[in-house]
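Here is my input, please return the structure:
(chains A and B)
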2 protein chains.
Amino acid sequence: MGSFELNDRIRSDSQMASVLGLCQLRLMNDRRWPWLLLIPQRPEIEEVYQLTPLDQTLLTFEMCETARALKQVTGCEKVNIGALGNHVRQLHMHVIARNPGDPAWPGPAWGVGNAEPYDTNDAADLIAAILDAL
Amino acid sequence: MGSFELNDRIRSDSQMASVLGLCQLRLMNDRRWPWLLLIPQRPEIEEVYQLTPLDQTLLTFEMCETARALKQVTGCEKVNIGALGNHVRQLHMHVIARNPGDPAWPGPAWGVGNAEPYDTNDAADLIAAILDAL
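A predicted model of the protein is given here:
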């Protein structure tokens, strides 16, 4: 089995925020929604059930802490969590802050319109606030 | 804190398949996709991080086993997992079998078109196959 390498599309669509115990925590470069990604740093994993039981538990812990931090920082109405992988097979968990009136509410945010990149400082500020809340 | 009561919309959109350790396992009544729901039988929970750590782990275990069974039974290309809750706040985890050419591929299945109900026997057969694989 090879070593973990981040998928190119995930790399180009997001920026690194931190490395947690299991996952890379990344911010999607789309200011329409505060949108985080958790990518388990394990090779050749496409479905959550392919992780070892310990890694499943770590992913759940990191997902819950990330969702709590996102809720705390943004004050959003609802956190949306998902692992789809229809476009990019490498396992990645979305953690998205959702609010009534956002561009897709109450539908899902995936695949809606085009990403609107952050100003550099805004992305850095959001990442700093999330890491502070973690 | 009150006792657990299943949300009315979830009840009307799906049928009971089984009660697992933590969750009700239900089949969405939409034959366009084999689509399961896991609803933790805990009152007043809207976000995964509101569950106790033990319940988080149970949900993860049941979600992984359900996803594995769904993949085995359907032979689908990809399992989609999500907890959104924009319409219905009661925490419920979707586990959906996805394939190229399905009515929403590669986009998300949530909110696409109108559900197409199963023939009664087909739903019972699918539930039996899922329970057999669990």
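
From the chain's centroid, how far away is stretch A:4-15?
12 Å (C-alpha atoms, centre = their mean, to the nearest Å).

go on, stretch A:86-95?
Stretch A:86-95 has its C-alpha centroid displaced from the chain centroid by 9 Å (C-alpha atoms, centre = their mean).

Show me which parts of it are buried, residue by residue.
For stretch A:86-95, a neighbour-count test (16 or more other C-beta atoms under 10 Å in any protein chain shown) marks A:86, A:88, A:90-95 as buried. To be clear about C-beta, it is placed using only N, CA and C from the backbone, and glycine gets the same treatment.

just these now: which is nearest chain B?
A:N86 (3.8 Å; C-beta to the nearest C-beta).

tell me the SS of that closest one?
Of the three states, A:N86 takes coil under DSSP: H, G, I helix; E, B strand; the rest coil.

Angles on the backbone of it, please.
phi -70, psi -40 (degrees, to the nearest 10).

next one: A:L126
phi -70, psi -40.

repeat for A:N7
Taking degrees, to the nearest 10 as the convention, A:N7 sits at phi -60, psi 140.

Contacts only, for it.
A:39, A:88-90, A:92 (C-beta atoms under 8 Å, 6 or more residues apart in numbering or on different chains).

That one and A:D13: what is the separation?
Distance, A:N7 to A:D13, using C-beta to C-beta, to the nearest Å: 10 Å.

now the helix or strand containing A:N80 against strand B:78-83, angle please.
Per DSSP states H and E, A:N80 falls inside strand A:78-83. Taking axes from the mean of the first three to the mean of the last three C-alpha atoms, to 10 degrees, one finds that strand A:78-83 is oriented at 160 degrees with respect to strand B:78-83.

for chain A, what are the low-confidence residue spans?
Scanning chain A with the threshold set as pLDDT under 70 gives A:1.

the helices in it, which residues?
A:8-13, A:53-74, A:120-133 (DSSP state H).

Keep only the buried residues of stretch A:86-95 that also lie close to chain B.
A:N86 (C-beta under 8 Å from any C-beta of the partner chain).

Let me see the contact set for the residue sitting nearest the centre point of chain A.
In chain A, the C-alpha nearest the mean C-alpha coordinate belongs to A:L37, at 1.5 Å (C-alpha atoms, centre = their mean). Taking C-beta under 8 Å, 6+ apart, we find A:L37 in contact with A:10, A:14, A:24-28, A:92-95.
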